[in-house]
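Q: what's the 3D shape of this:
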Amino acid sequence: LAAIFMNISIDRLLKNYSNARRSWEAWCFMANFNLKPPQPKVCEYIDKDDLLFHLRYLAFKDFHIEMYKILKDSKKNQNKDNIFYLLEKLSSENKRKHSAAQKRLIQLTRSKTTIDRICETRDKFYAHLDKEYENYQGKVLNLLWVLDCFVAVEKAIITLTSRKILQSHLDNIPSKDDYKLSFGLTVY
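A: Presented below is the predicted three-dimensional model:
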């Protein structure tokens with residue numbers, strides 16, 4: 001029964017992570033972040049188009065919400081498909097994987113600043129819409145640190161499952177670098 005529970009939780013973790021990565025890739029494309037090759041005209045075009053501008057906003061919002069599910073380490077309201085919970089459970093129940101799980105927890109802790117900023121932005125701006133949400137002046141999220149956080153999460157997922165399982169999920173996510181936007185086309 002514990003193994004079934006763990007598998008369901010890991011399946012949800014993989015789904016949430018896939019959603020977060022898909023939203024990240026969409027946002028990166030629309031914001032011209034880390035594209036190879038860079039496409040500044042895409043960002044300029046999206047900035048001028050109300051619908052595309054909103055879709056970029058939604059991609060970034062969804063990234064925060066999906067990452068929150070994975071990364072919010074709350075002892076009070078424990079999310080059973082949270083990466084910290086799953087690693088701690090693995091560490092306590094599987095002597096063979098104890099050391100690897102502890103190593104991944106330490107690595108995730110190194111991304112604490114990034115994790116805190118993602119969770120705070122989700123709480124204060126995207127999800128709860130505090131009375132003062134429009135004035136929310138959250139700390140800037142270092143986008144390069146997000147990439148490091150992805151690495152830590154992926155290594156943790158590999159410890160919980162396998163490289164093959166993670167890769168099978170990542171293979172289903174379109175890359176920001178695979179898209180090109182043609183200008184001058186009007187779509188109705």
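Q: would you mind measuring from residue 91 to residue 100?
A: 9 Å (C-beta to C-beta, to the nearest Å). Where you see a C-beta, it was placed from the backbone N, CA and C, and this is true even at glycine.
Q: can you count the residues close to residue 67?
A: If you count neighbours by other C-beta atoms under 10 Å, residue 67 ends up with 27.
Q: list the contacts for it?
A: Contacts for residue 67 (C-beta atoms under 8 Å, 6 or more residues apart in numbering) come out as 20, 118, 122, 149.
Q: list the contacts for the second one?
A: Which is residue 118. Neighbours of residue 118 in contact, by C-beta under 8 Å, 6+ apart: 64, 67-68, 71, 141, 146, 149.
Q: neighbour-wise, give me the winner out of the residues you listed.
A: residue 67 (27 neighbours).
Q: which element is that residue on?
A: Applying DSSP states H and E as the criterion places residue 67 in helix 50-71.
Q: which is the next helix or strand following that helix?
A: Downstream of helix 50-71, the first helix or strand assigned by DSSP H and E is helix 83-93.
Q: and the next helix or strand past that following helix?
A: Next in line after helix 83-93, if elements are assigned by DSSP H and E, sits helix 98-109.
Q: what does the average pLDDT come to for that following helix?
A: Average pLDDT, helix 98-109: 97.
Q: okay, buried residues for it please.
A: Applying a neighbour-count criterion of 16 or more other C-beta atoms under 10 Å, one finds 100-101, 104-105, 107-108 buried in helix 98-109.
Q: helix or strand for residue 118, which one?
A: Using DSSP H and E, residue 118 falls in helix 112-121.
Q: tell me the angle that helix makes with helix 98-109.
A: Counting by axes from the mean of the first three to the mean of the last three C-alpha atoms, to 10 degrees, helix 112-121 lies at 60 degrees to helix 98-109.
Q: and the average pLDDT for helix 112-121 is what?
A: Mean pLDDT, helix 112-121: 93.
Q: ok, residue 34 touching residue 28?
A: Yes - Residue 34 lies in contact with residue 28 (C-beta atoms under 8 Å); the separation is 5.8 Å.
Q: shared neighbours, the two?
A: residue 176.
Q: neighbour count: the two, which is higher?
A: When residue 34 is set against residue 28 and neighbours are counted by other C-beta under 10 Å, the residue ahead is residue 28, at 21 against 13.
Q: with that, I have no additional questions.
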